[in-house]
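Peer 1: A structural model of the following input is requested.
(chains A, B, C and D)
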There are 4 protein chains.
Amino acid sequence: MSVVPGLGGRVGWGRSPALLVIDMCLGFTDPASPMACDADPVVEAIQPILAAARAAAIPIVFTTVSWGDYEKRAAALRFLKMPAGTVCEEGTRWVEIDPRLEPLPGELVVRKVFASAFFGSTLSTLLRTEEVDTVIVTGVSTSGCVRATVTDSAQHGFHTIVPREAVGDRLARAHEANLEDIDLKYADVIPVDDVVTALQSSAVQIDPSGVPG
Amino acid sequence: MSVVPGLGGRVGWGRSPALLVIDMCLGFTDPASPMACDADPVVEAIQPILAAARAAAIPIVFTTVSWGDYEKRAAALRFLKMPAGTVCEEGTRWVEIDPRLEPLPGELVVRKVFASAFFGSTLSTLLRTEEVDTVIVTGVSTSGCVRATVTDSAQHGFHTIVPREAVGDRLARAHEANLEDIDLKYADVIPVDDVVTALQSSAVQIDPSGVPG
Amino acid sequence: MSVVPGLGGRVGWGRSPALLVIDMCLGFTDPASPMACDADPVVEAIQPILAAARAAAIPIVFTTVSWGDYEKRAAALRFLKMPAGTVCEEGTRWVEIDPRLEPLPGELVVRKVFASAFFGSTLSTLLRTEEVDTVIVTGVSTSGCVRATVTDSAQHGFHTIVPREAVGDRLARAHEANLEDIDLKYADVIPVDDVVTALQSSAVQIDPSGVPG
Amino acid sequence: MSVVPGLGGRVGWGRSPALLVIDMCLGFTDPASPMACDADPVVEAIQPILAAARAAAIPIVFTTVSWGDYEKRAAALRFLKMPAGTVCEEGTRWVEIDPRLEPLPGELVVRKVFASAFFGSTLSTLLRTEEVDTVIVTGVSTSGCVRATVTDSAQHGFHTIVPREAVGDRLARAHEANLEDIDLKYADVIPVDDVVTALQSSAVQIDPSGVPG
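Peer 2: I've put the predicted structure just below:
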């Protein structure tokens, strides 16, 4: 039963999911980075989801934090608040997706600099065009870009699923607190195994060919 | 010093603030509501800020959760996740701003149904039109609509200020965890007294007449 | 053949349409209003589409321009540019949908003040939630709110259809010029009869029950 | 006097302008491109504005259409409607800004694929961060990306100015019709000379240093 009566209901799955992998670039996964999260278990938890998503042929979108001249100015206040974030400069190795999760041809990599992958982007248009109704959100950090992306995914009207072990943070208490908030208010937080099973069982009926051209 | 090196910098104040009072309607402040937060101390903390904002003649915007036929359908998934939220139906007393914070003529009340006051609204256009560069966010709940509004305020490029005692929640641990996240990543969490002092000192130089017409 | 080679391709229909009826309120349809368009033929052209949409049980959304204290300030610059628009004040008859197109229970009426029905609204969330992939845009004015709504509908990733006789304007030349632009760049402009036929043939396979609750 | 009474009012200038140069890349300015506009006179008209903007040290943002794997899928319906637009593939010369308007260091170049420079972008955040209240829109095409950007600029609450000779199109009739619509509903269409004069006279009082960091 929910810790808060009347919150924490289930939104469940729709019929056509997409997988988001948030900010699993070296700037967040390499312990040498000032922005590093506890990413190794997250990488390991994302791997079977990625495999199942590939088998089911659903849309897969990676985000990476990467700033150039434009983003530096648009996100000037953000960099005041989070100076460590300036590590992810375009052209450096920090913006590359962790090789353990190497995107395949046909998988998309989107550059972002703000917290939510939906903010100031055409992600909702992509998902609409590809007939997606359900968004699986993985990556880091639970208390930052994952939380913000999950909130926006729900606000845009998508069924939103967070595989519990496939998101991570720098602070254990922030990780736990945000998972509680997310499950109470925005998305269903469920085990990775359940996500993999759902993707496997849906592999047949999901039609990824809804996109024209 | 910040609990996470490289995060938790100060964004500070700009020159022209506005005050947001999030969801301080009876559906969230009256203990009889299924959505009730621990709101009495929040009301008391907002009162001096509201007084200072009125004296400084800055824009003041209250939000209230209120749904009709349209919102019921647009937020169908949200109500699956938070069935208690259905209490705030238009026309009921639950959507009225708590009388202890009664809006005055010239103060705006905006209806919303999703978490962020910026999502699917023209709030950023209002703030642009009124030449606002700084948003003070108060109200409930810290882990819900306050957090989501603060995140979007920062993403829209506003200096964002959260007066610590003027936001509240249902769960003490969620309140504390979200304040930590907010101060590390999006906004400056500062004492109510400091907000009041800033508004008092700015009362002279702030020009609220930037709006045409 | 298109007047501009390489433009004016067909986006066609998806599988699940919704009908938008833009600003067919008395402020735009009553000749006594300073904002009046040549609306009688538009009313007549919308009627059979509305009947077919009702028979097909697709989502139907009417917009009306209606401003109160909040909108007056948020749209201050808009009212400088279009002072005649101030006629549509909330509580006046000008904001009522033309009785010849009276919405039925279950049909939605959304208040707006800016040009695009998508701007600063949760319309895209509603359409996502209701599994809509195709938007039929009718109403007035072709050169104002219809054009802006069509542009945004396309940008949000919806197949967009404009029934030629079911949109109208104040100026004949603006009407024609905007229909040309729209058909070249954003939406398929087709005869009302073809829209009615498409809705009739789709009445069986369209599943309006994709919405939870 | 306005051709439509009650429309076509003046929004005027604010205090802090920015210059947008829309899609003046070779894909739109080189006669060899399938998307070419009548761009030579537009280039010549933008040059003195660009010089004045540089002298006044206001923010300058160029947009270019450029698509990669992500944009190809997000804009799949757009490319169905405008197959000629596929010429602007990333890495080709078509996406380069016309050398006659070569951006200088410190001037921003933003990639886009949809019509409005504000849609699915962080442009409004950049402009907020840089304390901009007025947007000057130049470039091509009047009936496409200029019109869509102007509409959104107005909707976001910016004073919007269109220097008449500094925008252009493929079709003369579309150019004229859109300028009429824009001046009636969204922005002030004024001579290039007046824009240059305004920038020169404002060069002293405009403070471009509102941006932190």
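
Peer 1: which positions in chain A make contact with chain D?
Peer 2: When proximity is defined by CB under 8 Å from any CB of the partner chain, chain A lies next to chain D at A:61, A:69-71, A:73-77, A:79-80, A:106, A:108-110, A:113-114, A:119-123, A:125-126, A:129-130, A:211-213. For the C-beta atoms, the positions are set from N, CA and C on the backbone; glycine is no exception.

Peer 1: could you pull up phi and psi at A:E131?
Peer 2: Main-chain torsions, A:E131, degrees, to the nearest 10: phi 60, psi 30.

Peer 1: please, where are all the strands along chain A?
Peer 2: A:17-22, A:60-65, A:108-112, A:134-140, A:159-163, A:167-168, A:188-190 (DSSP state E).

Peer 1: okay, the angle between the fourth one and strand A:17-22?
Peer 2: Read that as strand A:134-140. On the basis of axes from the mean of the first three to the mean of the last three CA atoms, to 10 degrees, strand A:134-140 is oriented at 20 degrees to strand A:17-22.

Peer 1: number of residues surrounding A:E102?
Peer 2: 11 (other CB atoms under 10 Å in any protein chain shown).

Peer 1: tell me the spacing between it and D:S124.
Peer 2: From A:E102 across to D:S124, the span is 35 Å (CB to CB, to the nearest Å).

Peer 1: how about A:M82?
Peer 2: For A:M82, the distance to D:S124 - CB to CB - is 21 Å.

Peer 1: and these two? Which one has more around it.
Peer 2: D:S124 (25 against 22).

Peer 1: can I assume the more buried one is in contact with B:F118?
Peer 2: No: with contact defined as CB atoms under 8 Å, D:S124 and B:F118 do not form a contacting pair (11.2 Å).

Peer 1: got any residues that touch both of those two?
Peer 2: B:124, B:156 (CB atoms under 8 Å, 6 or more residues apart in numbering or on different chains).

Peer 1: what distance do you get for A:A53 to chain C?
Peer 2: To chain C, A:A53 is 21 Å away according to CB to the nearest CB, to the nearest Å.

Peer 1: what is the burial count for that residue?
Peer 2: Neighbours of A:A53 (other CB under 10 Å): 24.

Peer 1: whichever helix in chain A runs longest vs strand A:17-22, what angle?
Peer 2: If you go by DSSP state H, chain A has its longest helix at helix A:40-56. If you take the same axes, to 10 degrees, helix A:40-56 sits at 150 degrees to strand A:17-22.

Peer 1: if I pick the residue nearest to A:V196 when sequence neighbours are not counted, what's in contact with it?
Peer 2: Distance criterion CB to CB, 6 or more residues apart in numbering or on different chains; nearest residue to A:V196, sequence neighbours excluded, is A:A52 at 4.7 Å. With contacts defined as CB under 8 Å, 6+ apart, A:A52 is in contact with A:195-196, A:199-200, A:203.

Peer 1: one more pass at 6 Å, please.
Peer 2: Residues in contact with A:A52 (CB atoms under 6 Å, 6 or more residues apart in numbering or on different chains) are A:196, A:199-200.

Peer 1: so how far is chain D from it?
Peer 2: Taking CB to the nearest CB, one finds A:A52 at 21 Å from chain D.

Peer 1: so what's the nearest residue to A:V21 once chain neighbours are set aside up against?
Peer 2: In this structure, A:V21 finds its nearest non-sequential neighbour in A:F62, 4.6 Å apart by CB to CB, 6+ apart. Contact analysis of A:F62 by CB under 6 Å, 6+ apart lists A:21, A:97, A:103, A:109.

Peer 1: would you check which pair of these lies furthest apart?
Peer 2: Maximum pairwise distance in the contacts of A:F62, criterion CB to CB, is 9.3 Å, between A:V21 and A:V109.
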